[in-house]
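Undergrad: Below are the sequence and a predicted model; questions follow.
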Amino acid sequence: KEGGSPQTALNTGTFGAAAIMLVVTYFLCMQFIPSEVTIAGSVGISGMDIFLATIFGLLAGVLVGVTAEYYTSKDREPAHAIAREAETGPATIIIAGIATGMRSTCLTTIWIAGAILLSHYFAGLYGIAIAALGMLSTTGIQLAVDAYGPIADNAGGLAEMAELPKEVREKTDNLDAVGNTTAAIGKGFAIGSAALTALALFAAFRTQAGVDVLDLTKPSVMSGLFIGGMLPFLFSAMAMKAVGEAAKDMVMEVRRQFKEIPGLLEGTAKAEDAKCVDISTAAALKKMVVPSLMAIVVPVVFGFINKEALGGLLAGATVSGVLLAVFQANAGGAWDNAKKWIEEGNMGGKGSDAHKAAVIGDTVGDPFKDTSG
């Protein structure tokens, strides 16, 4: 609606999907699951137990989303606090964004841990898997909401290139700011469900491999734990470096075109757009080959060396991967929306020193939230 809140509309879709899922799940559990059943070694699980496990997963997903919204929304205090740091330059705004992202992992981790404990209490390891299913049950609306941000962002770019009236760009900026928040919410759901799914898969691995206990005093397990914890950092470094290299190639290509194509700066000549698109496309495909292979090859290699070391590797990668992903996704969204809030006329508005610092923060935040996170 004209003058309405896009954030409220999208939240209504997300929470509405969760509410519908709860009602449907209740009837499915009551209809198809016997009064008591033994699943994955847990005796006496009822349909109500499985329903409660689903609720806890879904509730944790919603809480993770609400937390992400709080830390990234341009209407909330964390983004405003980052924007205020812009007054003293790029360094302080980068420090503030990193701190905000780190702080956002606290509540998110508590919600995920709560879902694990409660779902396990009612339905054992199967309950944890079902909680992950509950969190993933609203994937349809989550994907739609996640895709909304880039669409709104590109709409703003089109409005600017087409030299449409200023108020058009203001509206697209508002939609884009909401898109940053919804993207963080979508990533929160994905990260939370991945954590629960990883735990269920980890339990299956232990059963199949015959590993009853992972003894942290064993050097092989501790070594695996450390290397597993390191892998998400290495993956993130590779992804960020890929963005930096692609950006450098893009800048060099644009400079070449300005230098070699007469009239391009004055707007009388046409740019060679295809070459710029090719740089992005090639980088997106080529630069992710090594990080993707690393995620596949390293666990296989460890599996042949020592199955307990592999258990440590998987545990370490799960914990650090979840925390790093939440940190990067929320820090990137908060930086972007701090800039948006300044552009609305706060802290001196567009063109001010604070805005220039916020643009730098946003540029750092893009590979955080859009690539490695």
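TA: Cool, the structure landed.
Undergrad: what sits up against the helix or strand encompassing residue 283?
TA: Residue 283 is located in helix 273-286, with elements delineated by DSSP states H and E. Helix 273-286 is contacted by residues 242, 245, 246, 249, 250, 253, 254, 257 when judged by C-beta atoms under 8 Å, 6 or more residues apart in numbering. Where C-beta positions appear, they are placed from N, C-alpha and C, glycine not excepted.
Undergrad: wait, what's in contact with the third one?
TA: In this case it means residue 246. Residue 246 sits next to 279, 280, 283, 284, 287 when contact means C-beta under 8 Å, 6+ apart.
Undergrad: Count the residues that sit near the residue lying closest to the last one once chain neighbours are set aside.
TA: Sequence neighbours aside, residue 242 is the residue nearest to residue 287 in space, at 3.4 Å (criterion: C-beta to C-beta, 6 or more residues apart in numbering). By the other C-beta atoms under 10 Å criterion, the neighbourhood of residue 242 contains 20 residues.
Undergrad: from the contacts of helix 273-286, which is closest to residue 26?
TA: Distance to residue 26, by C-beta to C-beta, is smallest for residue 242 among these, at 45.6 Å.
Undergrad: helix or strand for that closest one, which one?
TA: When elements are assigned from DSSP H and E, residue 242 belongs to helix 219-260.
Undergrad: tilt between that helix and helix 273-286?
TA: Calculated by axes from the mean of the first three to the mean of the last three C-alpha atoms, to 10 degrees, helix 219-260 forms an angle of 170 degrees with helix 273-286.
Undergrad: Need the contacts of helix 273-286 in a markdown table (columns: pLDDT and distance to residue 129).
TA: Formatted as a markdown table, the contacts of helix 273-286 follow (pLDDT from 0 to 100; distance: C-beta to C-beta, whole Å):
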| residue | pLDDT | distance to residue 129 |
| --- | --- | --- |
| 242 | 87 | 34 |
| 245 | 89 | 40 |
| 246 | 88 | 38 |
| 249 | 92 | 44 |
| 250 | 92 | 43 |
| 253 | 94 | 48 |
| 254 | 93 | 49 |
| 257 | 93 | 53 |
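Undergrad: Got a PyMOL select line for the buried ones in those?
TA: In PyMOL, this line selects whichever of these come out buried by 16 or more other C-beta atoms under 10 Å:
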select buried, resi 242+246+249+250+253+254+257
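Undergrad: Next, format the contacts of helix 273-286 as a markdown table and append distance to residue 271.
TA: As requested, those are exported to a markdown table (distance: C-beta to C-beta, whole Å):
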| residue | distance to residue 271 |
| --- | --- |
| 242 | 24 |
| 245 | 22 |
| 246 | 18 |
| 249 | 16 |
| 250 | 12 |
| 253 | 10 |
| 254 | 8 |
| 257 | 6 |
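Undergrad: Of the contacts of helix 273-286, which is the nearest to residue 110?
TA: Nearest to residue 110 out of the contacts of helix 273-286 is residue 242 (C-beta to C-beta; 32.8 Å).
Undergrad: how close does that closest one get to residue 371?
TA: 7 Å (C-beta to C-beta, to the nearest Å).
Undergrad: In this protein, where's the longest helix?
TA: Longest helix in the chain, counting residues (DSSP state H): helix 90-136.
Undergrad: Roughly how far does residue 183 sit from residue 84?
TA: Counting by C-beta to C-beta, the gap from residue 183 to residue 84 is 24 Å.
Undergrad: Mind checking which of these two has more residues around it?
TA: Higher neighbour count among residue 183 and residue 84: residue 183, with 26 against 18, using other C-beta under 10 Å.
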